[in-house]
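Participant: Have a look at this fold, sequence not included:
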């Protein structure tokens, strides 16, 4: 429907850039006011110093318009890193809480399985509890990538977690065959 309104006699009218139209309108209004001020139209009712101050201010604002226009995007770019760090810290906090809750449940299951003398189920629960460390390690890697945590410390912790899981997993077949 909008396309039908734009088209007249089979010819399509070009789209107008709103920013260019606003700039053109502002420029023509400024020229008109400056011309009136130069001609003395309406200036007799105003204080001459006020008219000159307003004209000076308009000239200064026009000179600084490109810098003022780019100010918003520069502020957003500068804030982005802080927002990323804040999000990474929140993610790390949430995953850590989830992992601790999971570990609590798995350790309870492991203890109950040991009491029932079900060593296979206890081993599964223990391996699951160890794997929750991987969740925390992954979240720590995200936090380290965003600068919230020390990357060297996180990589060392991940390496230790991987070694612990590998040692535990490797010892399981020996325990099963020995029993």
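Facilitator: Yep, that arrived. In this text the structure is predicted, and so the values were computed from the model without any measurement. Numbering: from 1, shown residues only.
Participant: I'd like the mean pLDDT over the longest helix that the chain contains, please.
Facilitator: Longest helix of the chain, by residue count under DSSP state H: helix 48-115. Taken as a whole, helix 48-115 has a mean pLDDT of 81.
Participant: so what does the helix or strand following it touch, helix or strand wise?
Facilitator: Once helix 48-115 ends, the next helix or strand along the chain (criterion: DSSP states H and E) is helix 119-145. If you count contacts as 3 or more CB pairs under 8 Å, 6 or more residues apart in numbering; DSSP states H and E, helix 119-145 packs onto helix 48-115, helix 151-178. Where you see a C-beta, it was placed from the backbone N, CA and C, and this is true even at glycine.
Participant: Please identify the buried residues of helix 119-145?
Facilitator: Neighbour-count burial for helix 119-145, counted by 16 or more other CB atoms under 10 Å, picks out 122-126, 128-133, 136-144.
Participant: before we move on, what about stretch 146-165?
Facilitator: Neighbour-count burial for stretch 146-165, counted by 16+ other CB under 10 Å, picks out 146, 148, 149, 154, 157, 158, 161.
Participant: ok, now which ones touch residue 151?
Facilitator: By CB atoms under 8 Å, 6 or more residues apart in numbering, the residues touching residue 151 are 144, 145.
Participant: Quick check: it vs residue 92, distance?
Facilitator: Between residue 151 and residue 92 the computed distance is 13 Å (CB to CB, to the nearest Å).
Participant: cool, residue 84 as well?
Facilitator: Computed as CB to CB, the residue 84 to residue 92 distance reads 12 Å.
Participant: Pretty sure residue 148 sits in a helix.
Facilitator: No: going by DSSP: H, G, I helix; E, B strand; the rest coil, the assignment for residue 148 is coil, not a helix.
Participant: wait, it sits on residue 82?
Facilitator: No: counting by CB atoms under 8 Å, residue 148 does not reach residue 82; the two are 10.8 Å apart.
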